[in-house]
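> predicted structure and sequence below. I'll ask about it afterward.
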Amino acid sequence: MKVSVVGTGYVGLVSGVCLSAKGHQVVCIDIDENKVNKINQGIPPIYEEGLEDLLKANIGTRLTASTDLRDAVLNSQISLIAVGTPFKGDEIDLKYVKEVARQIGTVLKDKDDYHLVVVKSTVVPGTSDEVVLSILEEASGKKAGVDFGVGMNPEFLKEGEAIKDFMNPDRIVLGGIDERSIALLRELYDVFEGVDKLETNCKTAEMIKYTANSLLATMISFANEIGNLSAAVGGIDVVEVMRGVHLDKRLTPILDSGERIIPSFTTYIEAGCGFGGSCFPKDVKALNVFGAQQGQSMQLLESVIAVNAEQYKQVMTRLYKHFPNLDAVKVAVLGLAFKPGTDDMRESPAIPVVQELLKGSAKVKAYDPVATHEAQKLFENEPIQYCESLAEAIEGVDAILVMTRWAEFNALPEMLSTLAEPPLVVDGRRMLDKSSIARYEGVGL
C-alpha cells in the first residue's frame, strides 16, 4: 500500500520506517527541511536502537522523506497523523493534530479517490470522531464515510525498544468510523501475521492507549510508595519486598515443568526514582483532566501523578544524609535519559536532580551513553562537566547518583572496589547489588 506519515518524531519515523520494511511504499512528511534531508541521507534525527540500520536499508527504495504534504496525500491511500500532543497544563494541545487535519482536508478537496486519514497521535477519546473528522469535512467540503474514512491506530512503542515493538507487536488496535475505514487499516496490517488485532470504534481505540499507559504508570507509583514506606519504617528493603510479591504465581506463572515465567510487566512493579518520558507523565495527566471534564473523579490517577512528582527527592534525601551542604561537593550523575536505549530526556527524573544539585552549588559531572547532546540543550550554559565515559565521570567524585538503568553501570562495583576512599553511591534505580558497594544508599532501603 502507499502510505504517507505526517510527523517524523519517535512515533512517526519509527512507524514509517517499519511499515516500509514490511513492504509498504511510505513517504514521511515533516515541515523541518533539515530533518527531511537527514532522513533521506539515512541519518535518523533521533536515537532509537536499530532505527539507523532499518532506515538505511529502506530509504530511497520503499521509503522517502519530504516536506510536500500535498503530493504525499494525493499519491497515497492512507495518511497517518503522528504529530505531538503535548500537555499544556490543563489538557493536551491539539494544535498540531488540527493543523495537519486541516492541511490534509484541503488536499482531499482536490483528490478524486477515497482516502483514509488515521490518527496515530495519542489523543483523548472523541478527538478522531469529533475534532479531526469535522476539520477534514470542513476543509475538504466532502463527507466522512463517503468520500474519505477516519481511523484511529494507537501505538504501543517503548522508547529504546520501539523498532522491536513495532516489528513484533503484542497487539494491533484498529479503530474506525465504519467498516470501510477499518478494512483499509486491516489491509495495512495484514503483513503482521499471527498478531492479535482488535477492531473497534475510534473512541475505544483512543481509550485503550490511555488506559494501557495509565495502568503501567500506576504500577510504578504503587511500587515507589511501598518503597518509600519501607525506607521510613527501617529494616526493610523494597527490592526483597517486591521479589516476594513477584513470586505470586498469578504474576509469575509456574509451568508444569516447574519453570517460572517472568513477564516483562513485573519490571514496572519495582521501586525507583520515578517515571518520565513523552508518554506516561503526559498521558496520566491528560486522562485525569479528561475524567474531570466528564464529571468523573480520578483520585487514583491524581495520586499516581503526585507520587511521581516527588519521587526524585528520594535520591536527594539520601545524598543530603551524607552531605547536608552540597557546596563544592563533587557529584556524578549517571544517566540523563528517562530510560535506557533512548536519548529522550522529557520528564526525566535526572532533570530536577541536576537542577537541585546546581542550586546547592555542587560540582556536577554527568554521563549518559547517548543523551549528552539533549542535556546540553536543556542545561544550556550551566556549569556541568559532561563526560565521555563512565570512568571519567566517577573519577575524583564524592558521590555518584544512578538515575538511569543503563547496563553499562553494572560495572560500577568492580570499578569502585579498588579505591581507598570510595564515593557514596545513591542507587535511584536499585540496579546494583547493595552488598557489592562499600558506601551504598538505595531508594526503598
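Received it, and whenever you're ready, just let me know what you need.

> and the host helix or strand of Ile182, how far out from the chain's middle?
For Ile182, the host element (DSSP states H and E) is helix 179-188. Averaging C-alpha positions (C-alpha atoms, centre = their mean, to the nearest Å) puts helix 179-188 27 Å from its chain's average.

> what's that helix packed up against?
Helix 179-188 sits against strand 78-81, strand 115-119, strand 148-152, strand 172-176, strand 197-200, with contacts defined as 3 or more C-beta pairs under 8 Å, 6 or more residues apart in numbering; DSSP states H and E. Bear in mind the C-beta positions are built from the backbone N, C-alpha and C, glycine included.

> where is the longest helix in this protein?
With DSSP state H applied, the helix covering the greatest number of residues in the chain is identified as helix 202-233.

> mind listing what's buried along that one?
For helix 202-233, the buried set under the neighbour-count rule, 16 or more other C-beta atoms under 10 Å, comprises 202-203, 205-210, 212-214, 216-228, 230-231.

> now that helix against strand 115-119, angle please.
Here helix 202-233 runs at an angle of 20 degrees relative to strand 115-119 (axes from the mean of the first three to the mean of the last three C-alpha atoms, to 10 degrees).

> now the angle between strand 148-152 and helix 202-233, please.
20 degrees.

> what lies in contact with the following helix or strand past helix 202-233?
Downstream of helix 202-233, the first helix or strand assigned by DSSP H and E is helix 238-246. Residues outside helix 238-246 that contact it (C-beta atoms under 8 Å, 6 or more residues apart in numbering): 223, 226-227, 230-231, 251-252, 262, 266, 269-271, 430, 442-445.

> show residues contacting the helix or strand following helix 238-246.
The C-terminal neighbour of helix 238-246 among helices and strands, as given by DSSP H and E, is helix 280-293. Outside helix 280-293, the residues within contact range by C-beta under 8 Å, 6+ apart are 85-87, 90-92, 122, 124-125, 209-211, 213-214, 216-217, 220, 275, 297-298, 301-302, 304-305, 308, 347.

> so for helix 280-293, what's the average pLDDT?
Across helix 280-293, pLDDT averages out at 92.

> CA atoms of it as PDB?
Extracted in PDB, the C-alpha atoms of helix 280-293 (Å, rounded to 0.1, in the frame of the first residue of the first chain):
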ATOM      1  CA  PHE A 280       3.400   8.300  31.000                       C
ATOM      2  CA  PRO A 281       3.500  11.800  32.600                       C
ATOM      3  CA  LYS A 282       1.600  13.400  29.800                       C
ATOM      4  CA  ASP A 283      -1.000  10.700  29.300                       C
ATOM      5  CA  VAL A 284      -1.800  10.200  33.000                       C
ATOM      6  CA  LYS A 285      -2.300  13.900  33.400                       C
ATOM      7  CA  ALA A 286      -4.400  14.100  30.300                       C
ATOM      8  CA  LEU A 287      -6.700  11.300  31.300                       C
ATOM      9  CA  ASN A 288      -7.000  12.800  34.700                       C
ATOM     10  CA  VAL A 289      -8.200  16.100  33.200                       C
ATOM     11  CA  PHE A 290     -10.400  14.300  30.700                       C
ATOM     12  CA  GLY A 291     -12.100  12.500  33.500                       C
ATOM     13  CA  ALA A 292     -12.700  15.700  35.400                       C
ATOM     14  CA  GLN A 293     -14.300  17.200  32.300                       C
END
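
> mind listing what's buried in that helix?
Within helix 280-293, the residues that count as buried by 16+ other C-beta under 10 Å are Phe280, Pro281, Lys282, Asp283, Val284, Lys285, Ala286, Leu287, Asn288, Val289, Phe290, Gly291.

> that helix to helix 202-233, inter-axis angle?
Going by the same axes, to 10 degrees, helix 280-293 makes 110 degrees with helix 202-233.

> please compute how far the very next helix or strand once past helix 280-293 lies from its chain's middle.
Where DSSP H and E defines the elements, the next helix or strand beyond helix 280-293 is helix 299-311. Mean-position distance between helix 299-311 and its chain equals 18 Å (C-alpha atoms, centre = their mean).

> helix 299-311 packs against which elements?
By 3+ C-beta pairs under 8 Å, 6+ apart, helix 299-311 packs against helix 202-233, helix 280-293.

> got the ones you listed as JSON lines, with distance to Arg318 columns?
Below are the helices and strands packed on helix 299-311 laid out as JSON lines (distance: least, C-beta to C-beta, whole Å):
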{"stretch": "helix 202-233", "distance to Arg318": "9"}
{"stretch": "helix 280-293", "distance to Arg318": "23"}
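
> what's the closest of these to Asn410?
Proximity to Asn410, assessed across the helices and strands packed on helix 299-311 by C-beta to C-beta, is greatest for helix 202-233 (20.7 Å).

> quick one: list the elements packing against that closest one.
Secondary elements touching helix 202-233 (3+ C-beta pairs under 8 Å, 6+ apart): strand 148-152, strand 172-176, helix 238-246, helix 280-293, helix 299-311, helix 313-322.

> list the buried residues for the last one?
Neighbour-count burial for helix 313-322, with 16+ other C-beta under 10 Å as criterion, is recorded at Lys313, Gln314, Val315, Met316, Arg318, Leu319.

> can you pull the pLDDT of the second one?
What it means is Gln314. At Gln314, pLDDT is 98.

> now it: closest residue in space, sequence neighbours ignored.
In space, Gln314 comes closest to Val443 once its chain neighbours are excluded; the distance is 4.7 Å by C-beta to C-beta, 6 or more residues apart in numbering.

> on that earlier part again, which of the helices and strands packed on helix 202-233 sits closest to Leu55?
When these are compared (using C-beta to C-beta), the closest one is strand 172-176, at 22.1 Å.

> pull up the pairing partners for the closest one, direction included.
strand 148-152 (antiparallel), strand 197-200 (parallel) (DSSP bridges).

> ok, residues contacting the last one?
This points to strand 197-200. Arg171, Ile172, Val173, Leu174, Gly175, Gly176, Ile182, Arg186, Tyr189, Ile208.

> give me the angle between the least confident helix or strand in the chain by mean pLDDT and helix 299-311.
Least confident helix or strand, the chain: helix 280-293 with a mean of 92, by mean pLDDT, DSSP states H and E. Angle of helix 280-293 versus helix 299-311, following the same axes, to 10 degrees, is 150 degrees.
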